[in-house]
Every structure is written in C-alpha cells, then in structure tokens.
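K.L.:
Dropping a prediction and its sequence here:
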Amino acid sequence: MKITVKGIEIQAVIGTQHHERNSHQRILVDIEFDYDSDKAAGTDKLEYAADYSAIVAEIIRTAKEQRYYLLETLAEKIVDLLKSYPVIRSGWVTVKKPSAIKNIEYVSAEANFDANK
C-alpha cells in the first residue's frame, strides 16, 4: 500500500544566511511510503497500520527541534524517521522552501530509501 501526505506546513529555522538563522521560515514537506497493509486492511485496526497522523507529528517535531543549515539534512532526518517504522518498506521525502530565493516557487531537496535493496 502506498500512503501519500502532501503539504505538511512547518515553521522552522533552516538556511545558511544570517537572516535565516534568526527566524522561522515556512517549509513544506511531502512524504510517500509503502508498507505491507494486509493485516491493517484485513482487520481495520490502526495498531497494524503505519499511523500517518503520528508520523506527521514526528516530522513536525523533527523539523522544529533543531536549527538546520541545509534542506538536505532535514530530508535525510525525515527519511531516518520513516525507516524507524518496521512496517514501512520504502519511502520518499521532499522538503520545500518557498522563500529560499526571490522570484521562485520553491527550492526542494528529495531523499528516499528502499529497505528491500
């Protein structure tokens, strides 16, 4: 089963410029992950599922708990978080920073993993 969560909005300290180090900025996080959902779907019980509500809460905490210089670092931290769930077999993370450069939509960093490889 593939689960997709798009547009997790977080206020975090991220960036290398002086003004970025002293204030929170809006970042957006998208995640996708695959997990074996047979038992969860068969029983309709959350205890056998990948609880995306809990995962989103952990992503927000991870983004806010420290100051990051690089989007790449935060993307890898979130991948590590997804890897910590034994039921998740693979995952993809995109971290977007809309205010990175003037006159652009956003800059993003993507990271992924596949436990089957």
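P.N.:
Structure's in. What do you need?

K.L.:
Helix or strand: which one has Lys96?
P.N.:
For Lys96, the element it lies in under DSSP states H and E is strand 88-97.

K.L.:
Work out the gap between that strand and the centre of the chain.
P.N.:
When C-alpha coordinates are averaged (C-alpha atoms, centre = their mean, to the nearest Å), strand 88-97 and its chain have centres 5 Å apart.

K.L.:
so what strands line up beside that strand?
P.N.:
Applying DSSP bridges to the sheet, strand 88-97 is found paired with strand 25-35 (antiparallel), strand 107-114 (antiparallel).

K.L.:
Tell me which of the ones you listed sits most buried.
P.N.:
The highest average neighbour count among the strands paired with strand 88-97, using mean count of other C-beta atoms under 10 Å, belongs to strand 25-35 at a mean of 19. Every C-beta, even on glycine, is put in place using the N, C-alpha and C of the backbone.

K.L.:
So what touches it?
P.N.:
Residues external to strand 25-35 that are found in contact with it (C-beta atoms under 8 Å, 6 or more residues apart in numbering): 1-15, 49-50, 55, 59, 63, 71, 74, 78, 82, 85, 87-99, 106.

K.L.:
which other helices and strands contact the lowest-mean-pLDDT helix or strand in the chain?
P.N.:
Sorted by mean pLDDT, DSSP states H and E, the helices and strands of the chain end with helix 18-21, the least confident at a mean of 86. Applying 3 or more C-beta pairs under 8 Å, 6 or more residues apart in numbering; DSSP states H and E, one finds that helix 18-21 makes contact with no other helix or strand.

K.L.:
distance of Ser99 from Glu20?
P.N.:
Going from Ser99 to Glu20 by C-beta to C-beta, to the nearest Å gives 9 Å.
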